[in-house]
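Chemist: this one's structure only:
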């Protein structure tokens, strides 16, 4: 029987948003000795793929801060960022808002390619709000009073 | 153990004395505030003036700037479970009481967001609540806040939004399946307060010169998961119009923005 399938490896030339998100989530833990981590959870509905990105402090009652949601279709890009409103206020203005399925959502940002996705992610991670959340959580967990109480 | 909750949007006004007198008069255990710019120390001084049942500030570890919580219990008994910039979801872990989740939110207004955006954000809020429920392993959740939507609006009603229904009997079914996806219900008791038959017709008043005008809006709401319905009595749910001495209304019977807020507080209880 002839194998009619294409070379599967050639289909993975572009990295999917979820792969990039999970890589970055792992890196946050490494940078903070796992004091502050990130987690990515996903779901799919009606040919759309949704991923939710949280900053997590496991030692602080498993505190979760939702930083953003990403979604895309069967084609990995364009992917759409739905950002925490404080983060969007900082970085959103430089992007055009876009229609998605006929509706306009003020806090959606579109990434048309893997490169654009990474660029936007860099802005999100370096936003004042993101840094504020991470440094605040780390400072709480570094507090000797907190450590002795827990 | 009967726990009294109050939610109030303060319209960014320095209403610490009024907040304190309302909280004292109604014996509030957990005070949830939106548009509160009062420094927490100042509000604590006002709340604790009587030195009985001292309040604690429970938002010291919160990254949600839109909601501030004061509680008569130790603040460590309301730890943050999940948050975003507009919503804070707390565990309430009181001794000799069941553990519940308290989700508090302040939604963007229609002045800032289109209806379609509010609807999309309801879906986001519903996801945030389900994340918290997944983390704690139960569905004993209340959602309270200024939704900037009425109980009958699409975002509050939609299955993939807040899925708030007006009937306990329907909510008791716990979930509904739409297009192969299962969505949990909230019971929305605010439906029962719409109109003036039961008292004040809403929590917010506006009168614009356009064809469609409800005048009274029920923006400030509490929604209850079915697992907590038997611990909630509709008769305990009130829209407050006084602190016991001072009316929060003008002589025309609408929220008095001069001495109070353009929103009225809501009060409710849970028997935990």
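Modeler: Cool, got the structure. Keep in mind it's a predicted model, so treat the numbers as computed, not measured.

Chemist: C-alpha only now, for contacts and for neighbours.
Modeler: OK.

Chemist: burial count for residue B:98?
Modeler: Neighbours of residue B:98 under the rule other C-alpha atoms under 10 Å in any protein chain shown: 12.

Chemist: May I ask you to confirm that residue B:69 is in contact with residue B:31?
Modeler: Yes: taking contacts as C-alpha atoms under 8 Å, residue B:69 lies within contact range of residue B:31: 5.6 Å.

Chemist: Give me the contact status of the helix or strand in which residue B:88 is found with chain A.
Modeler: Applying DSSP states H and E as the criterion places residue B:88 in strand B:87-92. No: contact of strand B:87-92 with chain A (C-alpha under 8 Å from any C-alpha of the partner chain) is absent, the minimum separation being 9.2 Å.

Chemist: Tell me where chain B has helices.
Modeler: In chain B, the helices defined using DSSP state H lie at B:16-25, B:40-47, B:115-136, B:154-157, B:168-171, B:226-229.

Chemist: possible to save those as CSV with mean neighbour count, distance to residue B:64 and mean pLDDT?
Modeler: CSV is the format used below for these (neighbours: other C-alpha atoms under 10 Å in any protein chain shown; distance: least, C-alpha to C-alpha, whole Å; pLDDT from 0 to 100):
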stretch, mean neighbour count, distance to residue B:64, mean pLDDT
helix B:16-25, 19, 20, 96
helix B:40-47, 18, 14, 95
helix B:115-136, 20, 13, 93
helix B:154-157, 22, 21, 96
helix B:168-171, 16, 29, 97
helix B:226-229, 20, 25, 97
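
Chemist: Can you check which of those helices gets nearest to chain A?
Modeler: Of all the helices of chain B, the one in closest proximity to chain A, counting by C-alpha to the nearest C-alpha, is helix B:115-136 (5.1 Å).

Chemist: Could you list the residues in contact with the closest one?
Modeler: Helix B:115-136 has contacts (C-alpha atoms under 8 Å, 6 or more residues apart in numbering or on different chains) with A:66, A:103-106, B:81-83, B:87, B:89, B:101, B:103, B:107-108, B:110, B:139, B:141, B:154-156, B:160-162.

Chemist: so who does the residue nearest the centre of chain A touch?
Modeler: Taking C-alpha atoms, centre = their mean, the centroid of chain A lies closest to residue A:53, which sits 4.4 Å from it. Residue A:53 makes contact with A:21, A:38-41, A:66-69, according to C-alpha under 8 Å, 6+ apart.

Chemist: which one is it nearest to, not counting chain neighbours?
Modeler: Spatial nearest neighbour of residue A:53, chain neighbours left out: residue A:40 (4.7 Å); criterion: C-alpha to C-alpha, 6 or more residues apart in numbering or on different chains.

Chemist: mind checking which helix or strand that neighbour is in?
Modeler: Judged by DSSP H and E, residue A:40 forms part of strand A:37-45.

Chemist: Tell me the buried residues in that strand?
Modeler: Of the residues in strand A:37-45, A:37-40 count as buried by neighbour count, 16 or more other C-alpha atoms under 10 Å in any protein chain shown.

Chemist: and residue A:140, how many residues sit next to it?
Modeler: 16.

Chemist: how far away is it from chain B?
Modeler: 8 Å (C-alpha to the nearest C-alpha, to the nearest Å).

Chemist: Now list the buried members of the contacts of helix B:115-136.
Modeler: Buried by 16+ other C-alpha under 10 Å: A:66, A:104-106, B:81-83, B:87, B:89, B:101, B:103, B:107-108, B:139, B:141, B:154-156, B:160-162, out of the contacts of helix B:115-136.

Chemist: how about the buried residues of strand A:37-45, which pair is most distant?
Modeler: For the buried residues of strand A:37-45, the farthest-apart pair by C-alpha to C-alpha is A:37 and A:40; their separation is 10.4 Å.

Chemist: what touches both of these two?
Modeler: Jointly contacting residue A:37 and residue A:40 under the rule C-alpha under 8 Å, 6+ apart are residue A:25.

Chemist: measure stretch B:53-65 end to end?
Modeler: 26 Å (C-alpha to C-alpha, to the nearest Å).

Chemist: hang on, I meant stretch A:59-67
Modeler: End-to-end for stretch A:59-67, by C-alpha to C-alpha: 19 Å.

Chemist: does chain B sit close to it?
Modeler: Yes: counting by C-alpha under 8 Å from any C-alpha, contacts between stretch A:59-67 and chain B involve A:61-67.

Chemist: ok, the residue nearest to the spatial centre of chain B - contacts?
Modeler: What sits nearest the mean C-alpha location of chain B, by C-alpha atoms, centre = their mean, is residue B:144, with 2.5 Å. Contacts for residue B:144 (C-alpha under 8 Å, 6+ apart) come out as B:7, B:102-105, B:220-223.

Chemist: ok, how many other residues are close to the residue nearest to it when sequence neighbours are not counted?
Modeler: Closest residue to residue B:144 in three dimensions, ignoring its sequence neighbours and counting by C-alpha to C-alpha, 6+ apart: residue B:222, at 4.3 Å. Neighbour count of residue B:222, defined by other C-alpha under 10 Å: 27.
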